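J.: Sequence first, predicted coordinates after that:
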Amino acid sequence: MVPMTKAEIGRCLQDKNWCMNNLWTIVDESGTKMPYRRRPVQKDYASKRHGLDVILKSRQHGFTSETDISILNDCVFTPDLRCGIIAHTLADAQEIFETKVKLPYNELPEFIKSKNKAVKCDACTLRLANGSSIRVAVSFRSATTHRLHVSELGKICAKFPKRAEEIKTGTMPSVHPQLGGQATIEGTAEGGAGDFYDLCIQAQSDTIQAEKEGRELSPLQYKFHFYPWFRDPKNAVSPIGITVSDELKQYFEELAEKGIVTIPEQRAWYAQKKDGAGGLGRKMKREHPSTVEEAFEQSVQGAVYGDEMEEAREDGRIGFYPWVKKEPVYTFWDLGYRDATCVIFVQFIREEIRIIDFYQMIGRGAPYHAGQVLEKPYVYGRELYMPHDVMNHEKGTGIVLRDVYQTLFGKKIQVIPVDRPKVKSNGIEMVRGIFNQIRFNAKTTKDLLKAISFYRYVWDEEKVCFSKDPLHDFASHPADAIQTLAIQFVDHTIDGQRRGLTGATSFDQAPRRSDNPYGSWKPGQGRRTG
C-alpha cells in the first residue's frame, strides 16, 4: 500500500516486509542507484528464514543486498543492536558499507533519519542515536552480535584460512539465537572442503532430517538453503543466434533426468555464460551450479591441480575403476605423525594409472599404518614407495624408519625411498605431466579427491595474487603421496619395470629443453617401457 496518512505511515513502518520493499535505496549490479524491491529468490529466502541460515548459491542472486538491508532495517527501528557484516576482502568491505549501509541510510526520508540520527557514519561503521550499530570488516570478535552476515565464506576459507578460523571460533559463537540473535552465512562453493563446506553439509543434513520428521530445526541448528542459477528468472535470454554445444545439450538432458527441466531461454543464457565471449568455461559450475553436488565438486580458486581435476571429471576419469584382481597393487606414501600419513593404492592397467583406494590417519605409528595396508584384500607388488624421510632415524631408538617398515612388511615387499625434487614446483609439474593418465575410483577415493581439489597456492594479500608455494594444510599430504607416485613413475622403475621418463635418476637432473622439461618424452602421452 501507499500510506496517505500519519497513522498509515506508522502502521507501514512497523511492517518489515513493507519497509523492505518500499523504504530503501540501493546501487544495483550496473552501478545505478534505484529503489530496493525484492526479487523472487529474495522473497523466497525471506519467507523461509530460520534465524541461523546458510546459503549455497550461484552468483548475482542479490542475497548480500537482502541480508544487509534487513540488518540495516532492524538497526533503524530497533534500539541497542550490535550488528556485523564480514566481507571477503577489505575492498569488498568498503564497497558493502558504501552501497549497502551508508547510501541506503542516507537515502531514507528525512523524518525517519531525524528521529534516529547517525552518530557515526564512516570507517565502515554506522552508529545510530538509538544505540544500534553496524560494522563492516573482514573479521572481528565480539561478546555479543545480534545480527551477523558473513559474505562469501567459501572464498574466505579458500584464500584466508586463518581468517576463516577466526570467524568460526570468534565471530559465529557471538550470535546467541536463543536470545533472538540471527546469522546468515552465504557464498558460492570453493571446493568440497573447508569450514563453509562442512557447515553446508551439516546444515543440509539437519534440514532434511527436520523436514522428514515434520518439525522445526533447533534454534542452534543452521538451516540450509540452495539457490541454483535457474531459480533466478533474470538468468534467461533469447536463444536466437546462440549455439548450444552438443556437450551442453547432453548436460541439460542429464539435468532433466534429475528433475531439473530448463526452457530454451535458460539454456541459451547458460551456454552464453559458459562458452560465449568472455565466458566462464570450466568455472561455470563453480559460479553457477545446478546441484549441490556439482557446486562442491569444483576446484577452488588457486587450486594447484584445478584444471587437471576438471579435465578428469569431464573426461570421465573419476568414476568406476575398481580393483583388477589379476594385477598387482602398489602403494605410494606420504609420512606424518602430527600430520596425516597418506597412502594411495595404484594399479597400472595398459596406459592407465588407476588409483583404486586411499588411506590416511593422524597420530599413529608405523605398526598401525602397515597393519591397515596389509589388511586390505589386495595382492601387492614386490615394492612399495615412501618419501625420502623414511630414511630418518626415530628419536627414541635411533632406528631408521625404513628398517621398521621393512620388518613390518617382510621380505616379499621392499620399501623403496623416493627422493623429492629440490624445488616443490618441479614435483607439481611431474604430477601434472602424468595426470591425464590417472583414473580415480570415485567410491573409494573421496577423501583423496577432496584433498586434491582443495590443494591450493597461498594467497598473497599484499600482492593480490597467489604465491608460487602451496598452502600447507590437510590437502598437502594426499597431494604429496601423488607426488611420490609421479616421481617414481617418471624417473625410476616400478617393480623393476621402466614406466616413465628414461635417462635420468631424478627430476632435477632430467635432460630439459626450453619448451619441454621432460626431454623427448611428452607428458600424458603414455608411459615409456623398456
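T.: Alright, I've got the coordinates.

J.: I'd like to know how many residues surround Gln367.
T.: No, residue 367 isn't Gln; it's Pro. Pro367 has 12 neighbours, counted by other C-beta atoms under 10 Å. Where you see a C-beta, it was placed from the backbone N, CA and C, and this is true even at glycine.

J.: Hmm, I typed the wrong one, I wanted Glu29.
T.: Counted with other C-beta under 10 Å, Glu29 comes out at 9.

J.: Run a quick neighbour tally on the closest residue to it other than its chain neighbours.
T.: With sequence-adjacent residues excluded and distances taken as C-beta to C-beta, 6 or more residues apart in numbering, Glu29 is closest to Gln60, at 6.3 Å. Applying other C-beta under 10 Å, we find 14 residues neighbouring Gln60.

J.: Surely Gln60 is in a helix?
T.: No: counting by DSSP: H, G, I helix; E, B strand; the rest coil, Gln60 is located in no helix; its state is coil.

J.: Gly51 versus that one, what's the distance?
T.: Relative to Gly51, Gln60 is positioned 25 Å away (C-beta to C-beta, to the nearest Å).

J.: before we move on, what about Trp18?
T.: With distances taken as C-beta to C-beta, Trp18 is found 21 Å from Gly51.

J.: With neighbour numbers in mind, choose between those two.
T.: Ranked by neighbour count (other C-beta under 10 Å), Trp18 and Gly51 place Gly51 first, with 18 against 14.

J.: wait, doesn't that one sit right on Gln182?
T.: Yes: assessed by C-beta atoms under 8 Å, Gly51 is found in contact with Gln182 at 5.2 Å.

J.: what's near enough to touch the closest residue to Arg231 other than its chain neighbours?
T.: Distance criterion C-beta to C-beta, 6+ apart; nearest residue to Arg231, sequence neighbours excluded, is Val41 at 5.5 Å. With contacts taken as C-beta atoms under 8 Å, 6 or more residues apart in numbering, Val41 has the following neighbours: His61, Gly62, Phe63, Tyr227, Arg231, Asp232.

J.: which residues touch the closest residue to the second one other than its chain neighbours?
T.: What that stands for is Gly62. Residue nearest to Gly62 in three dimensions, not counting chain neighbours: Gln42, with 5.5 Å by C-beta to C-beta, 6+ apart. Applying C-beta under 8 Å, 6+ apart, one finds that Gln42 lies in contact with His61, Gly62, Phe63, Ser65, Glu66.

J.: Who wins on neighbours among those residues?
T.: Of those, with other C-beta under 10 Å as the count, Glu66 tops at 26 neighbours.

J.: Surely that one and Ser47 touch.
T.: No: under the criterion of C-beta under 8 Å, Glu66 is not in contact with Ser47, lying 11.6 Å apart.

J.: residues making contact with stretch 199-210?
T.: By C-beta under 8 Å, 6+ apart, the surrounding residues in contact with stretch 199-210 are 54, 56, 153, 185, 189, 216-217, 221-224, 226, 292, 296.

J.: Any buried residues in it, and which?
T.: Applying a neighbour-count criterion of 16 or more other C-beta atoms under 10 Å, the buried positions in stretch 199-210 are Leu199, Cys200, Ile201, Ala203, Gln204, Asp206, Thr207, Ala210.

J.: what does stretch 420-429 give?
T.: Judged by neighbour count (16+ other C-beta under 10 Å), stretch 420-429 contains these buried residues: Arg420, Pro421, Asn426, Gly427, Ile428, Glu429.

J.: For those residues, give me TSV that also has pLDDT, secondary structure and distance to Lys100.
T.: As requested, those are exported to TSV (pLDDT from 0 to 100; DSSP: H, G, I helix; E, B strand; the rest coil; distance: C-beta to C-beta, whole Å):
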residue	pLDDT	secondary structure	distance to Lys100
Arg420	86	coil	48
Pro421	86	coil	48
Asn426	91	helix	46
Gly427	92	helix	45
Ile428	94	helix	40
Glu429	94	helix	44
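
J.: I'd like these written out as CSV, with distance to Ile260 added.
T.: As requested, these are exported to CSV (distance: C-beta to C-beta, whole Å):
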residue, distance to Ile260
Arg420, 46
Pro421, 45
Asn426, 44
Gly427, 41
Ile428, 37
Glu429, 39
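
J.: Between which two of these is the distance greatest?
T.: Within the buried residues of stretch 420-429, Arg420 and Glu429 form the most distant pair, 13.2 Å apart (C-beta to C-beta).

J.: Now for Thr291: which residues touch it?
T.: Applying C-beta under 8 Å, 6+ apart, the residues near Thr291 are Pro228, Lys258, Ile260.

J.: and it, how far is that from Phe226?
T.: Between Thr291 and Phe226 the computed distance is 8 Å (C-beta to C-beta).

J.: And Asn426, by the same measure?
T.: Between Asn426 and Phe226 the distance, using C-beta to C-beta, works out to 41 Å.
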